[in-house]
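Trainee: model this:
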Amino acid sequence: MSRTDNHIIPAGTLVGGFGGGQLAAANAAVKQAIPWSLPKGDRTLVQLQMGTGEDDAPTKGGKQPKHGTFYCIVKPLERKAAEGGASVILTSYGKVIPHGSAGQHGYKFEFPHDTPQHKAQDYIPRLSAGSKITSGNFFASLANRAGWGGVLAPLWRLSHDNVRHILTARKPFVIVAQDVKLEKGKPLKLCWLLP
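Mentor: Numbering: from 1, shown residues only. Model (predicted):
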């Protein structure tokens with residue numbers, strides 16, 4: 001709810017995170033988890049953190065993580081890897097393979113989500129009782145394997161190893177998936193847990 005005027009929160013705006021946690025092999029019995037996935041393939045929004053800094057800290061030189069579609073983030077990395085005769089490797093998905101023609105370029109994966117070789121993984125947030133709630137861990141208690149309804153969605157932060165050309169899923173954050181119009185004095189439900 002906006003207190004003073006009408007506002008629009010643009011799609012892709014980062015609104016919070018799940019806090020600390022770990023990426024582990026998927027386990028359907030664990031309900032409070034965020035499955036690692038690229039639901040829109042190479043059109044999924046992601047962040048790229050270069051180097052090996054802390055997840056919430058800016059990278060070397062004070063640079064913030066890059067934000068964009070997987071295609072836009074990977075394109076320069078794939079080009080550099082190809083110059084050295086290598087391929088970019090992505091957590092769970094294997095090799096990132098360029099494909100397309102006639103202006104319709106994109107990336108496929110060696111092990112897509114629905115293949116037996118795909119190693120499904122989940123991010124399991126750690127939020128201990130009595131922890132101070134911040135924007136960085138606000139969504140930890142709302143982690144839900146089934147996902148959410150509404151306009152919020154996970155955005156995965158990836159890190160890249162320039163030498164081995166490996167992209168690693170690090171942790172999810174929460175973004176607004178579509179423009180949201182906030183009207184002065186009117187509350188708005190942005191998300192709800194799915195069963």
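Trainee: residue ranges with poor pLDDT in the protein?
Mentor: The model of the chain has pLDDT under 70 over residues 1-2, 51-62.
Trainee: residue closest to the middle of it?
Mentor: residue 156 (1.3 Å; CA atoms, centre = their mean).
Trainee: That one reaches residue 48, doesn't it?
Mentor: No. Under the criterion of CB atoms under 8 Å, residue 156 is not in contact with residue 48, lying 9.9 Å apart. C-beta coordinates here come from the backbone N, C-alpha and C atoms, glycine included.
Trainee: And the helix or strand that contains residue 15, what's buried?
Mentor: Residue 15 belongs to strand 14-17 when assigned by DSSP states H and E. Neighbour-count burial for strand 14-17 flags 15, 16, 17 (criterion: 16 or more other CB atoms under 10 Å).
Trainee: Name the strands paired with it and say parallel or antiparallel.
Mentor: Strand 14-17 has the following strand partners under DSSP bridges: strand 166-176 (antiparallel).
Trainee: buried residues in the partner strand?
Mentor: Buried residues in strand 166-176 (16+ other CB under 10 Å): 166, 167, 168, 169, 170, 171, 172, 173, 174, 175, 176.
Trainee: Ok, stretch 132-149 next?
Mentor: Of the residues in stretch 132-149, those buried (16+ other CB under 10 Å) are 137, 138, 139, 140, 142, 143, 144, 145, 148.
Trainee: pretty sure residue 78 is in a helix, no?
Mentor: Yes. The assignment for residue 78 (DSSP: H, G, I helix; E, B strand; the rest coil) places it in a helix.
Trainee: tally of neighbours for it?
Mentor: Residues lying near residue 78 (other CB atoms under 10 Å) number 21.
Trainee: cool, and the one 4 residues further on?
Mentor: Here the count is done by other CB under 10 Å, and residue 82 has 13 residues near it.
Trainee: Mind checking what secondary structure it has?
Mentor: Residue 82 is classified as helix under three-state DSSP.
Trainee: residues in contact with it?
Mentor: By CB atoms under 8 Å, 6 or more residues apart in numbering, no residues touch residue 82.
Trainee: ok, back up a step: output the buried residues of stretch 132-149 as CSV; include the columns secondary structure and distance to residue 194.
Mentor: Formatted as CSV, these follow (DSSP: H, G, I helix; E, B strand; the rest coil; distance: CB to CB, whole Å):
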residue, secondary structure, distance to residue 194
137, coil, 21
138, coil, 19
139, coil, 15
140, helix, 17
142, helix, 11
143, coil, 12
144, coil, 7
145, coil, 9
148, strand, 6
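Trainee: Out of these, which is nearest to residue 123?
Mentor: Set against residue 123, the nearest of those by CB to CB is residue 143 (7.7 Å).
Trainee: dump the residue contacts of that closest one.
Mentor: Taking CB under 8 Å, 6+ apart, one finds 18, 32, 33, 34, 123, 124, 125 in contact with residue 143.
Trainee: now, which of those lie within strands?
Mentor: When strands are assigned by DSSP state E, the members of the contacts of residue 143 inside them are 34, 123, 124, 125.
Trainee: and stretch 121-140, how far from the chain's centre?
Mentor: Stretch 121-140 has its C-alpha centroid displaced from the chain centroid by 16 Å (CA atoms, centre = their mean, to the nearest Å).
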